[in-house]
Each structure stands twice: as structure tokens, then as C-alpha cells.
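Chemist: Sharing a sequence plus its predicted fold:
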Amino acid sequence: MTVQLNVPNLACPACVNTVTTAIKSVDSNAAIEADPKTKVVNIETRASQDEIEAAIAAVGYPAA
């Protein structure tokens, strides 16, 4: 399943790493593309969108 999220707090490469680590904690095989310029995160995952949103919100990056 492909999930696309707008993450307003995504501002730099370190933010991308934090979000990536959070998503990988839910689905270690997820394919993640995150762009701090557009604030968009695309995830190819087996986890639900709710699980992904909860994981990134828990590390300070709630989806809009």
C-alpha cells in the first residue's frame, strides 16, 4: 500500500532521518521517500496509514 502524507514539521535531512526511523519501527521493509522542501512523505508499506501517522507523531512530526 502506498501512503502519502503532508508533514509540515519536516524541515531538514535530520528530520527526514527521524521520520524514516519511526516508520521503519512499524514496517522495517517500508520504502520511504521524504522531501523537506515539499513536506511530502511517500511510503510503500504493509502497515496501515494510522500506524504510520501514529509512529511519526510520536517522534514530533504529526501529519497534516
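Modeler: Done, it's in.

Chemist: Tell me where this structure has helices.
Modeler: With helices called from DSSP state H, the chain shows them at 13-26, 49-58.

Chemist: Point to the residue nearest the middle of the protein.
Modeler: For the chain, V19 is the residue whose C-alpha lies nearest the centre (Cα atoms, centre = their mean; 4.8 Å).

Chemist: how deep is M1 tucked in, by neighbour count?
Modeler: 10 (other Cβ atoms under 10 Å). All C-beta atoms are positioned from the backbone trio N, CA, C, and that covers glycine.

Chemist: make that V59, sorry
Modeler: Counted with other Cβ under 10 Å, residues neighbouring V59 total 14.

Chemist: That one: what's its closest spatial neighbour, skipping adjacent residues?
Modeler: Nearest non-adjacent residue to V59, counting by Cβ to Cβ, 6 or more residues apart in numbering: A22, 4.6 Å away.

Chemist: Please tell me I have it right and the one you found contacts G60.
Modeler: No - A22 is beyond contact range of G60, at 9.3 Å (criterion: Cβ atoms under 8 Å).

Chemist: the more surrounded of these two?
Modeler: Applying other Cβ under 10 Å to A22 and G60 shows that A22 carries more neighbours, namely 19 against 11.

Chemist: which residues touch that one?
Modeler: When contacts are counted by Cβ atoms under 8 Å, 6 or more residues apart in numbering, A22 touches A55, I56, A58, V59, Y61.

Chemist: Identify the residues contacting the closest residue to S25 other than its chain neighbours.
Modeler: Excluding the flanking residues, the one nearest S25 by Cβ to Cβ, 6+ apart is A55, at 6.1 Å. Residues near A55 by Cβ under 8 Å, 6+ apart: A22, I23, S25, V26.

Chemist: picking up where we left off before, with respect to Q4, which of the helices of the chain lies nearest?
Modeler: helix 49-58 (9.3 Å; Cβ to Cβ).

Chemist: ok, now which residue in the chain is the farthest from the centroid?
Modeler: Farthest out in the chain is K37, which, by Cα atoms, centre = their mean, sits 14.4 Å from the centre.
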